[in-house]
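**Q** Here's my sequence, what's the structure:
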Amino acid sequence: MDASMDIEDSFFEEIESDYNDFSPGFSDEELLDDDLFEDSFVKSSQSPTLVKKDYDPIEPVNRAIFNFNDKTYIYVFTPIGKGYEKVTPRFARTGIRNFFSNLHSPLRVVNSLLQGKIKNAGKETGKFFVNTFLGFLGFIDSASSIEGLNPSEEDLGQTLGKWGIGNGPYLVLPFIGPSTLRDTIGMTGEFYINPVYYARDFNSKEKLIRDGTEALNSLPNSMELYKTLKDSALDPYTAAKNAYIQIRDEKVKN
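**A** Predicted coordinates:
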């Protein structure tokens with residue numbers, strides 16, 4: 001659930017695209033080829049025209065995970081999210097969301113710098129200081145009302161894309177949902193480039209509490225968006241894939 005709210009909102013705005021274009025491109029034997037997964041990532045990195053942007057060589061596996069996630073979202077996450085929503089006022093949920101968004105700000109600064117977006121890094125830095133000192137550690141998004149302090153959000157997956165690395169195979173991750181090989185590597189790598197983790201020695205218990213609170217707070221909105229996807233799509237799997245790839249490609253271009 002570590003996708004930002006900006007990505008989540010955009011993701012489900014794109015679900016009106018064509019959902020009936022499912023056409024498996026590989027036989028079962030090809031799907032068992034260990035080199036196929038790695039080769040697709042290399043080829044897409046070298047030449048985007050060599051493979052489809054929505055390259056999905058392990059679609060049967062992805063669909064199985066998608067179905068697992070679907071049941072988990074419906075029967076586990078949705079009830080938990082509704083319960084949390086009932087006992088937590090909206091202003092509190094908004095404050096917690098703002099706090100965690102501000103906590104991730106240094107990471108967005110690093111990614112902006114890695115992409116050569118100096119102005120964006122400056123805006124993100126300004127936003128971080130404003131929200132930290134005037135927004136009570138980020139619980140209030142004070143910077144949103146200041147012109148010029150609303151930078152685009154950057155992550156390591158986008159940074160790798162800016163460096164010329166292609167999406168690679170499309171993946172569906174357990175519990176998390178849509179991703180690609182590049183973005184999965186990006187999510188893993190962000191742990192090591194996040195200045196927050198070097199500023200303080202977080203132990204495993206503290207990290208678990210922090211990540212759990214952030215995920216729990218995002219559940220009500222995330223599950224509502226997921227319901228919108230399911231209700232609007234003839235094939236939710238293809239809808240999710242198309243929307244995710246389109247959004248990520250646009251973010252890399254910008």
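
**Q** now the helices for the protein?
**A** 5-13, 28-31, 34-46, 59-72, 78-87, 90-103, 105-114, 118-133, 156-162, 181-193, 195-199, 204-232, 236-253 (DSSP state H).

**Q** Of the ones you listed, which stretch is the most buried?
**A** Most buried of the helices of the chain, by mean neighbour count (mean count of other CB atoms under 10 Å): helix 156-162, with a mean of 23. From N, CA and C alone the C-beta is placed, and that goes for glycine too.

**Q** what's that one in contact with?
**A** Contacts with helix 156-162, where a contact means CB atoms under 8 Å, 6 or more residues apart in numbering, come from 111, 114-116, 167, 180, 182-183, 185-187, 189-190, 193, 248, 251-252.

**Q** Kindly export that helix (C-alpha atoms) in PDB.
**A** Taking C-alpha atoms only, helix 156-162 is exported to PDB below (Å, rounded to 0.1, in the frame of the first residue of the first chain):
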ATOM      1  CA  LEU A 156      13.200   5.600  -7.300                       C
ATOM      2  CA  GLY A 157      11.100   3.800 -10.000                       C
ATOM      3  CA  GLN A 158      10.700   7.100 -11.900                       C
ATOM      4  CA  THR A 159      14.400   7.800 -11.400                       C
ATOM      5  CA  LEU A 160      15.400   4.500 -12.900                       C
ATOM      6  CA  GLY A 161      13.000   5.300 -15.800                       C
ATOM      7  CA  LYS A 162      14.700   8.600 -16.300                       C
END
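
**Q** what distance separates that helix from the middle of the whole chain?
**A** Taking CA atoms, centre = their mean, to the nearest Å, one finds helix 156-162 lying 12 Å from the centre of the chain it belongs to.

**Q** same thing with stretch 157-170?
**A** 14 Å.

**Q** first vs last residue of it, how far apart are they?
**A** Start-to-end span of stretch 157-170 (CA to CA, to the nearest Å) is 13 Å.

**Q** go on, stretch 130-147?
**A** Terminal residues of stretch 130-147 lie 12 Å apart, using CA to CA.

**Q** Of all the residues in it, which ones are buried?
**A** Val130, Asn131, Thr132, Gly135, Gly138, Phe139, Ile140, Asp141, Ser142, Ala143 (16 or more other CB atoms under 10 Å).

**Q** what's near enough to touch the nearest residue to Leu107 once chain neighbours are set aside?
**A** Spatially, and ignoring its direct neighbours in sequence, Leu107 is nearest to Asn194 (4.6 Å; CB to CB, 6 or more residues apart in numbering). For Asn194, the contact set (CB under 8 Å, 6+ apart) comprises His104, Pro106, Leu107, Val110.

**Q** Tell me which two of the residues you listed sit farthest apart.
**A** His104 and Val110 (10.5 Å; CB to CB).

**Q** Show me the shaky parts of the stretch 101-250 of the chain.
**A** For the stretch 101-250 of the chain, residues meeting the criterion pLDDT under 70 lie at 198-204.
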